[in-house]
Structure formats: C-alpha cells, structure tokens
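J.: can you look at this prediction? I've put the sequence above it.
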Amino acid sequence: MSVPQLVIRNLHASVDGNPILKGVNLEIQGGTVHAVMGPNGAGKSTLAFALAGHPRYEVTEGEVLLNGENILEMEADERAKQGLFLAFQYPAEVPGVTVANFLRVALNQVRGEEVPVKEFIQKLHEKMDLLEIPHSFSSRYLNDGFSGGEKKRNEMLQLAMLEPKMAVLDETDSGLDIDAVRIVAESVNHLKGPQMGVMVITHYSRILRYLKPDFVHVMFDGRIVRSGGPELAEKLEAEGYNWLRRELGLEELEEDLSGEVPVDGR
C-alpha cells in the first residue's frame, strides 16, 4: 500500500468575494504531522474549509492533489471518500442522532457499502477502548450537551473509525483546558501512522508539546511564510509573532492576537 500524499500548489481562495488565501504551497506525506500556525486572520481555517470543500469558500486558483487525484474537482462527500477528514473547531450538535448511528452512517458512506452491524460494533468498541472512551458514550446524542473536551474526543473517535488518509484538525485545542488538550493530543498520537498524514491548525504551541510535529509552518496574510521544525513553534511561543513580522517586513499586519478565530473561519 502506497504512502498517502497531499500536495497543495498555489492555492488561492475567497470568502464572500474577499481573497483570503493568496498562494498556499504545502506537501504532507503519510506518517508525518504538520502544524500550521499564525495569528487571527492569517487564513488558517480558510485553508481547512477550502480543502474540505465548504461551498462558502471559493477556490479561484491552484490545485490540491490527494494521492495524485485533484480533489478540488470533487464535492465535499467525494473528498471524504477519497480519504480527507476535517475535525471542526466548533462541532455541531445533533439532538436525536446517537454517536453510534452517526458513525455507522458516516462509515457506510466513506466505504461505499453497508458495514455489517456486528463488524461495526466490534470496530467501534475497539476504537473506544484505544482512546479510553467509555462505551456508553456511543448511545449519547451527537455533541448534545457535550463539554468542549467531549466534543473534541468525539471528533477523535470519528477520525479513528473513518481511518482517513489525511486528517485536518482545525483549532482542535480551541477552548480546551490543559487536561483536555493532552487527551486530544494523545488520541492523535495513538491514531497517526504511515497511512495517515496530519495537519494541525493552531494558534498556540501547547498542543504541539504533546503531538510533537515533524514540521511547523507559519501563515501570514494567506500565505505560508516560514517553515521549520518544532523549534519554530517554541520560538513563536517565547517571542510571539512580531519578530517574524519585523523580519519579513510585515509590520503593517497588526492582527489582534488576543481573541479566537472569527466565526466565519478566516
């Protein structure tokens, strides 16, 4: 089985007619973890939604190849079947639909065939045990009344069940306390392997202390402007983004670093 590969070339994307991504280039191999960091408004979440095929995010230029296939020509569900997974910053609540029922429908859709109930239940319990999630969790309504940490653990359970080729985790650590961040990071560590590449989008380096990324990329103004190893995240944690602004001559980009990513995902 070949190692998965995601290649992003000169990706441009707009939201409501406003250009956000302005030429993103990135390559991710299976078995590696890439962290994408940057201040508010840099385009990190736009990158995630553009990859996933959200209709509000219009790709105007470039290409995205997953195992040689241009996924930009596919609908969102087809991209999922091709092996792309997106963990949302703000997972939706779906009262009346249990976690188990949701996961079975999702698994059937990704596989393109009906998974026997016995096989599904066995796989579900194996993945829950791996992630140390109680089996009773599967009978709860999807994200309904879940804490922030429970919602993110449910995203990790989806990741475990669907076994994608490429996982994009959009601000997975947003709003979590330090214990929940550690649990989510350890879940990713359990699941990552040569047949799955991981892109972690984050503001902060705290989740990276547990994930230990192979590569760190910094976005400013819709582009990746610097790439390096884990030491780059440590420098950002220690000195913030202003040193990089000055080095790149981007002093005019004075985004507010104190808040969360806007609701529109930019």
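T.: Okay, I see it.
J.: dump stretch 161-180 to PDB, restricted to CA.
T.: Taking Å, rounded to 0.1, in the frame of the first residue of the first chain, the C-alpha atoms of stretch 161-180 are listed here in PDB:
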ATOM      1  CA  MET A 161     -13.500   5.000  12.800                       C
ATOM      2  CA  LEU A 162     -13.100   6.500   9.300                       C
ATOM      3  CA  GLU A 163      -9.300   6.000   9.100                       C
ATOM      4  CA  PRO A 164      -8.600   8.700   6.500                       C
ATOM      5  CA  LYS A 165      -5.500   9.200   4.500                       C
ATOM      6  CA  MET A 166      -5.200  12.900   5.500                       C
ATOM      7  CA  ALA A 167      -6.600  14.400   8.700                       C
ATOM      8  CA  VAL A 168      -7.000  18.200   9.000                       C
ATOM      9  CA  LEU A 169      -7.600  19.300  12.600                       C
ATOM     10  CA  ASP A 170      -8.900  22.900  12.700                       C
ATOM     11  CA  GLU A 171      -8.200  24.600  16.000                       C
ATOM     12  CA  THR A 172      -8.800  21.300  17.900                       C
ATOM     13  CA  ASP A 173      -7.300  22.800  21.000                       C
ATOM     14  CA  SER A 174      -9.600  25.800  21.000                       C
ATOM     15  CA  GLY A 175     -11.400  26.400  24.300                       C
ATOM     16  CA  LEU A 176     -10.000  23.300  26.000                       C
ATOM     17  CA  ASP A 177      -8.300  23.200  29.400                       C
ATOM     18  CA  ILE A 178      -4.800  21.700  29.600                       C
ATOM     19  CA  ASP A 179      -6.000  18.200  30.500                       C
ATOM     20  CA  ALA A 180      -8.400  18.100  27.600                       C
END
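J.: so which bits of that stretch are buried?
T.: For stretch 161-180, the neighbour count (16 or more other C-beta atoms under 10 Å) marks 161-174, 176, 180 as buried. (Glycine included, C-beta is placed from N, CA and C.)
J.: among those, which lie within helices?
T.: Among those, the members falling in helices (DSSP state H) are 161, 162, 180.
J.: can you redo those residues as a markdown table with distance to residue 131?
T.: Formatted as a markdown table, these follow (distance: C-beta to C-beta, whole Å):
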| residue | distance to residue 131 |
| --- | --- |
| 161 | 10 |
| 162 | 14 |
| 180 | 13 |
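J.: list just the nearest of those residues to residue 193.
T.: Checking these against residue 193 with C-beta to C-beta, the nearest one is residue 162 at 14.1 Å.
J.: which residues touch that closest one?
T.: Residue 162 is in contact with 80, 85, 106, 107, 110, counting by C-beta atoms under 8 Å, 6 or more residues apart in numbering.
J.: what do you get if the cut-off is 6 Å, keeping everything else the same?
T.: 85, 110 (C-beta atoms under 6 Å, 6 or more residues apart in numbering).
J.: what does the pLDDT read for it?
T.: Here, the pLDDT recorded for residue 162 equals 95.
J.: got the contact list for the most centrally placed residue in the chain?
T.: Centroid check for the chain by C-alpha atoms, centre = their mean gives residue 169 as the closest residue, at 1.7 Å. By C-beta under 6 Å, 6+ apart, residue 169 lies in contact with 87, 200.
J.: again with the one 5 residues further on
T.: Contacts for residue 174 were tallied using C-beta under 6 Å, 6+ apart; they are residue 89.
J.: ok, it to residue 151 distance?
T.: 11 Å (C-beta to C-beta, to the nearest Å).
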